[in-house]
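Novice: 3D, please:
(chains A and B)
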Amino acid sequence: MRNSIVAGLLPALLSLPAAAQRDHWRQATDAELSSVLPARAPVANEHIETEMRTASGIVDDQGRYIAGVVLLTAGYSAEGKYSHYFLVQAPIRAGGVELQPGEYVFGWNRSQDGETLTVHFNVAATGALVGTADARLIPGKIRAESLHIWPPSERAIIQIGRFGIPFQVEHDK
Amino acid sequence: MSQRLRKTIFSAAFAGTLIALVCWQLSATGAFAQTASGHANGQSAPGGVETGVPHPPQFDEQHRPITAGGIVPSGPVIFEDVSEKAGLTHWTHKMGTSEKKYIIETNGSGVGLIDYDNDGWLDIYVVNGSTFDALDGKETPSHAALFHNNHDGTFTDVAAQAGVNNDRWGIGVAVADYNNDGWPDIYVTNWGKNRLYHNNHDGTFTDIAEKAGVQLGNWSTGATWGDYDGDGRLDLFVPGYVHFDRNNLPSGGANGVPDTFCTFRGVPVNCGPRGLKGEPDHLFHNNGDGTFTDVSDKAGVADKPGYYGLSSLFVDVNNDGKVDLLVGDDSTPNYLYINRGDGTFEDDSYQSGYALNESGRETASMGIAVGDFQNNGMLDIFNTTFSDDYKPLYRNEGDANFTDISYQLGIADITVPFLGWGDAFLDYDNDGWKDLLMADGHVYPQVDHEPWGTSWAQRPMLFHNIGGKKFEVVPAVAGTGLADIIAGRGMAVGDLFNDGKIDAVINVMDGHAVLLRNVSPDHNHWLELKLVGGPKSPRDAVGATVYVTANGMRQRGDVLSGGSYGSTNDPRPHFGLGQATKVDDIEVHWPSGKVEHFTLPGVDRIVTLTEGSGKP
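Specialist: Down below sits the predicted model:
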């Protein structure tokens, strides 16, 4: 009986952050990600190599992607200005930052207590700052990931390491 | 507990997790309104990614990079540099030229602590590099050193007499008794063919690597010994780094190596490891007849992606009595393989949290240290990494789940300018809490010409464990070992003088080996255990776990081979006992699976425990 109650609550609990989602989004496959993400990402005046095995993204039934991949910024894992290339083909709000369709890069700084990443989103072509948002430690036992963009129907989180930024897909404007 | 109650508890826990996740999402969503900022901030983009490192340079009062400065005039003396007095300065490490034009010339070599003559005193094996001229026969190859312990504070290099010169481009050393004859053997990894030096019991060794089938042929690094299949014989794991081709030397813009991988902060440096082909890892099963069989694929540890392995360690991280396998990879995800107990491993790297640091970054892992710094019976992991990156300490949460808590422990920001290599948990002051030591040095000579707050030669760092809750850096007092500014690489720790204090030996790039003698002024008590395995365990008990209860604490120690960059520590578990003058219990978990308890008549001694002589 108790199991039934919990099982019944599960879809409702999980659907809370996804309530605003209009379209059907699913996890993109590796092949799909390879087809839309660049091997060398255009960043300001340069093209920076990407680490395709870190790619993650979602795709909707209209073929629009929200996807990202780690930038190889210095040959070693220094905490560079930009850590990830981020492709947005449907408008989203990530941690309060509104991102219209376009190509972005983001990077982060870690708080002294290690509990928060302050993530800054920039326009890939110009480096112009779009906004900053906090990524916070996700509770519970969870895989550490270079990047994991979760489908809204599951978690609606952009996961960096074990930190997450909630996001939602916005209505087209 | 009834089935229904179990289900109820499970359901409640599951629901709690879901609610916590949803609450986390809601709270984070609520928070973003305050943290979001817009275009109005108008921050400009950097000119190039290499200049975008957010860590500001750190200098001391004399404007020296903090890695070569920050030295205080007085304070407690923990380590005395006794290298010269001990006779270690007559030998010099050499690897390539001082320009370090190629990555093969700059990674350096390791140290192995070994009582090769079974006289009860640790000797020191120090691996040497080589040069292209030596390979071409234009100069004499550099020899490794085997420093025999003279029991009087001095050492004598007997490598030539012992037949362990190596004379190849040496990288690492893993020490263990692979054939259970009671005498430790030496596996040396090279760029080129590796050596397995079989101990002849008379002060000499014979290289049997070819016959044994463990030579390989390109760039092998920090190997480890462990009995992964529980047959009582030690098996061998050898990580591969880069496939380095002498006939196709990597350089920027040529040979297919993008310039991105040949610069650091915009300055041209030697290329790699990114952009270079990775060398696979190998697991060799010990057949028990002096030969080994490569079972890498079958066991699931072959490193198909070709990550850049630098260090490895067989160790039981989930307390199930079977050794698991850690591999520290440079600029690629680390591996954590869980031993299934059927001859194969499960890749638990990402799920465990060990593949990346807490913020999802692949790290340039160099050395692996394991130790139970909280005295809770579970082994934690500390990895050294590159400069401009902190050094992650992964706390063991149980069930092979690790959380990187370097920031919470106070060892994150302070380690950023340093490029760490050899590392170890050690209780330097015998207070019962395991401290941390790491050897440091940069791979690019160019850093000495840039205002980045880092340096080619760097001082070692020692952190004092404050009750398992914090680590505090131990000041580098002028004139002491912690103020040595050296190009540190491999490091091994152990009690070289049988006085109950843990010392350290550091292999220095293009320099002499450094012996840091522990002269901590504490008066705490201690215990060291030499374990001898029975017929169903490896004779040297590699893989055994010991729990010592004393002074109101239960400490854990393990017999291990490998881990620290290309190096092997003292095989004798060491326990600081604080003010305790007696040990309440010693519980040994032998590799065979047998658990025995031992009692001792006193403390401050080195005791041999043999499997089968304890009480159940």
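Novice: next secondary structure element downstream of the strand or helix carrying residue A:53?
Specialist: Residue A:53 is part of strand A:46-60 when elements are defined by DSSP states H and E. Using DSSP H and E, the helix or strand that follows strand A:46-60 in sequence is strand A:65-71.
Novice: could you look up the SS state of the residue of chain A found nearest chain B?
Specialist: Here chain A gets closest to chain B at one residue, residue A:127, 1.6 Å apart by C-beta to the nearest C-beta. All C-beta spots, glycine's among them, are computed from the backbone N, C-alpha and C. In terms of secondary structure, residue A:127 is coil; the call rests on DSSP: H, G, I helix; E, B strand; the rest coil.
Novice: again with residue B:134
Specialist: Of the three states, residue B:134 takes helix under three-state DSSP.
Novice: now do it: how many residues are near it, please.
Specialist: 17 (other C-beta atoms under 10 Å in any protein chain shown).
Novice: how far away from the center of its chain is the strand holding residue A:53?
Specialist: Mean C-alpha position of strand A:46-60 versus that of the full chain (C-alpha atoms, centre = their mean, to the nearest Å) differs by 11 Å.
Novice: thinking again about what came up before, surely the residue of chain A closest to chain B meets residue A:44?
Specialist: Yes - A contact is recorded between residue A:127 and residue A:44 when judged using C-beta atoms under 8 Å, the distance being 4.8 Å.
Novice: quick check: which ranges of chain B have low pLDDT?
Specialist: Screening chain B residue by residue with the criterion pLDDT under 70, one finds the ranges B:1-54, B:254-255.
Novice: tell me which helix or strand residue A:139 sits in.
Specialist: Applying DSSP H and E, one finds residue A:139 in no helix or strand.
Novice: could you report the neighbour count for it?
Specialist: Per other C-beta under 10 Å, the neighbour tally for residue A:139 reads 15.
Novice: first-to-last residue distance for stretch B:314-322?
Specialist: 9 Å (C-alpha to C-alpha, to the nearest Å).
Novice: which ones are touching residue B:430?
Specialist: For residue B:430, the set of contacting residues under the criterion of C-beta atoms under 8 Å, 6 or more residues apart in numbering or on different chains consists of B:500-501, B:520, B:522, B:524-526, B:576-578.
Novice: who wins for neighbours among the residues you listed?
Specialist: residue B:576 (28 neighbours).
Novice: wait, isn't it in contact with residue B:427?
Specialist: Yes - at 3.9 Å, residue B:576 and residue B:427 qualify as touching, with contact defined as C-beta under 8 Å.
Novice: shared neighbours of those two, anything?
Specialist: Looking at what touches both residue B:576 and residue B:427 (by C-beta under 8 Å, 6+ apart), the common residues are residue B:433.
Novice: hmm, back to that, if we only consider the contacts of residue B:430, which is nearest to residue B:569?
Specialist: For residue B:569, the closest of the contacts of residue B:430 turns out to be residue B:501, at 14.3 Å, with distances computed as C-beta to C-beta.
Novice: how far is stretch B:288-301 from where the chain is centred?
Specialist: 23 Å.
Novice: now swap in stretch B:337-353 and tell me
Specialist: Using C-alpha atoms, centre = their mean, we find the averaged C-alpha position of stretch B:337-353 to lie 20 Å away from the chain's own average C-alpha position.
Novice: span of it from start to end?
Specialist: Using C-alpha to C-alpha, first and last residues of stretch B:337-353 are 12 Å apart.
Novice: same check, this time on stretch B:549-563
Specialist: Across stretch B:549-563, the straight-line distance between its terminal residues is 26 Å, by C-alpha to C-alpha.
Novice: show me which residues of it are buried.
Specialist: For stretch B:549-563, a neighbour-count test (16 or more other C-beta atoms under 10 Å in any protein chain shown) marks B:549-551, B:553-563 as buried.
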